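**Student:** the following block contains a protein sequence and its predicted model.
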Amino acid sequence: MADDQRLWGYPEVAAHLGISVGATRSRKSRGSLPSPDDNSVPDRPRWKPSTFQNWRPVGRGFRSDLHSSARPEETPANYRP
C-alpha cells in the first residue's frame, strides 16, 4: 500500500469496537465489518483506521442510544431515553 497510515488487524479492530478478537472475526465472516483495505496476506485482512472513522455497526446488538453523537451538555433537559 502506498499509504503511510498504519493498518489495523483483528486485535486493533477489536479494541476499537470494544469486543473480543473472536467476535471481530465472526463479524468479518458474516459481512458485518467494512471490506478490508488490504487482503494481500491470506487470512490476515487489514483495515485503515480511517475506514472505521464514520462506520457504525448495524443490526442486532448495536445500541445506538449508547453511541449518541450529542455530548451531555448538548442534550435537552427534558430528554428521556
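**Tutor:** Yep, that arrived. Residues are numbered from 1 along each chain as shown.
**Student:** alpha carbons only for contacts and neighbour counts from here, please
**Tutor:** OK.
**Student:** in the longest helix seen in the chain, what counts as buried?
**Tutor:** Longest helix of the chain, by residue count under DSSP state H: helix 21-30. Buried residues in helix 21-30, counted by 16 or more other Cα atoms under 10 Å: 21, 24-25, 28.
**Student:** low-confidence regions, this protein specifically.
**Tutor:** 1-5, 58-81 (pLDDT under 70).
**Student:** what ranges do the helices span in it?
**Tutor:** Secondary structure of the chain (DSSP H): helices at 10-17, 21-30.
**Student:** by contact count, what packs against the shortest one?
**Tutor:** By that I understand helix 10-17. The contact analysis (3 or more Cα pairs under 8 Å, 6 or more residues apart in numbering; DSSP states H and E) places helix 10-17 against helix 21-30.
**Student:** what is the end-to-end distance of stretch 32-52?
**Tutor:** 12 Å (Cα to Cα, to the nearest Å).
**Student:** er, stretch 22-41 I mean
**Tutor:** Stretch 22-41: ends 19 Å apart by Cα to Cα.
**Student:** for that stretch, give me every contacting residue.
**Tutor:** Residues from elsewhere that reach stretch 22-41 (Cα atoms under 8 Å, 6 or more residues apart in numbering): 1, 10, 13-14, 45-48, 51-52, 55, 57-58.
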